[in-house]
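Trainee: Requesting a structural model of the entry that follows:
(2 chains)
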Amino acid sequence: NAGVTQTPKFQVLKTGQSMTLQCAQDMNHNSMYWYRQDPGMGLRLIYYSASEGTTDKGEVPNGYNVSRLNKREFSLRLESAAPSQTSVYFCASQGAAPTNTGELFFGEGSRLTVL
Amino acid sequence: AQSVTQPDIHITVSEGASLELRCNYSYGATPYLFWYVQSPGQGLQLLLKYFSGDTLVQGIKGFEAEFKRSQSSFNLRKPSVHWSDAAEYFCAVGASSGGYQKVTFGTGTKLQVIP
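Mentor: Numbers count the residues shown, from 1 in each chain, chains lettered A, B, ... in the order given. Below is the predicted model of the structure:
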């Protein structure tokens, strides 16, 4: 039972480098989300995809881009990494209403350090 | 826009003692409310959720939460804490929008359990 799979689990970048975090879910969920977690700030929504073919900005989208490649996959790209983007990134998926009442299923996280 | 406040950043309880973690939310309509738990280095796992019906909700691992509309609260409780309950706990509120829910998290409460 894979659920939500994120890669890579750890990454160290230099300022200005680019990278893509990959996320895939095998639960046939419609909606997918990217959050970042920083100490004392909880989880903040970066971008989300309510359904295949759509993406929208969340609370902290600056410096990021996303692609909903298909129903299973939702990637997060940092075009020019900055130290402020050092964080733990979580991908989550969510089934469609009304049968699913909003529960998010999370990956194990990707720990990114930008030097 | 919805928001969640968890006033306690850190709580320490003795093993076997009772536990109550506080959560207050702000949302104009009937909220969908969640409690998630995060063990170190892991993703988030759903403990319980409320969206309608009985205001006392039972969850996994012996946790329960009570929705009080008049106080805009959704506090998490456990009668007797076990050492394995040491983790970080997040309260969250979901706002329905079409076929998905945008979920906003509180800043978390870190629980320490002492022998």
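Trainee: Give me every residue in chain A lying close to chain B.
Mentor: A:4, A:30-31, A:33, A:35, A:40-45, A:48, A:50-51, A:58, A:90, A:92, A:94, A:96-97, A:101-104, A:106-109 (CB under 8 Å from any CB of the partner chain). C-beta here means a position set from N, CA and C on the backbone, and glycine is covered the same way.
Trainee: Looking at the residues you listed, which are in strands?
Mentor: A:4, A:31, A:33, A:35, A:42-45, A:48, A:90, A:92, A:94, A:106 (DSSP state E).
Trainee: Please, a PyMOL command that selects the buried ones among those?
Mentor: Those of those that count as buried under 16 or more other CB atoms under 10 Å in any protein chain shown are selected in PyMOL with:
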select buried, chain A and resi 4+31+33+35+42+43+44+45+48+90+92+94+106
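Trainee: Now do the same contact list for the residue nearest to A:Glu103 when sequence neighbours are not counted.
Mentor: Of all residues not flanking A:Glu103 in the chain, B:Leu46 sits nearest, at 5.3 Å (CB to CB, 6 or more residues apart in numbering or on different chains). B:Leu46 makes contact with A:Glu103, A:Leu104, B:Phe34, B:Trp35, B:Tyr36, B:Gly59, B:Ile60 under the criterion CB atoms under 8 Å, 6 or more residues apart in numbering or on different chains.
Trainee: and if you look at A:Ser67?
Mentor: By CB under 8 Å, 6+ apart, the contact list for A:Ser67 reads A:Thr55, A:Phe74, A:Ser75, A:Arg77.
Trainee: any idea which of those has the most stuff around it?
Mentor: In terms of neighbours by other CB atoms under 10 Å in any protein chain shown, the contacts of A:Ser67 top out with A:Phe74 at 28 neighbours.
Trainee: can you list the residues of chain B near chain A?
Mentor: Counting by CB under 8 Å from any CB, chain B sits next to chain A at B:6, B:9, B:32, B:34, B:36, B:41-46, B:49, B:51, B:90, B:94, B:96-108.
Trainee: quick one: the spatially most central residue of chain A from chain B, how far?
Mentor: Nearest to the geometric centre of chain A sits A:Trp34, at 2.6 Å (CA atoms, centre = their mean). Separation of A:Trp34 from chain B (CB to the nearest CB, to the nearest Å): 12 Å.
Trainee: if we can go back for a sec, which members of the residues of chain B next to chain A are classed as buried?
Mentor: Buried, going by 16+ other CB under 10 Å: B:6, B:32, B:34, B:36, B:43-44, B:46, B:49, B:51, B:90, B:94, B:96, B:100-108, out of the residues of chain B next to chain A.
Trainee: where do the strands sit along chain B?
Mentor: B:3-5, B:10-14, B:19-21, B:24-26, B:32-38, B:44-50, B:56-58, B:64-68, B:73-78, B:87-97, B:100-105, B:109-114.
Trainee: Compare those strands and say which comes out lowest on pLDDT.
Mentor: Of all the strands of chain B, strand B:100-105 carries the lowest average pLDDT, namely a mean of 85.
Trainee: now for it, which elements pack on it?
Mentor: Packing contacts for strand B:100-105, counted by 3 or more CB pairs under 8 Å, 6 or more residues apart in numbering or on different chains; DSSP states H and E, involve strand A:31-38, strand A:42-49, strand A:87-94, strand B:3-5, strand B:32-38, strand B:87-97.
Trainee: go with 6 Å
Mentor: strand B:87-97 (3 or more CB pairs under 6 Å, 6 or more residues apart in numbering or on different chains; DSSP states H and E).
Trainee: The strand it packs on pairs with which strands, parallel or anti?
Mentor: With DSSP bridges as the test, strand B:87-97 is paired with strand B:32-38 (antiparallel), strand B:100-105 (antiparallel), strand B:109-114 (antiparallel).
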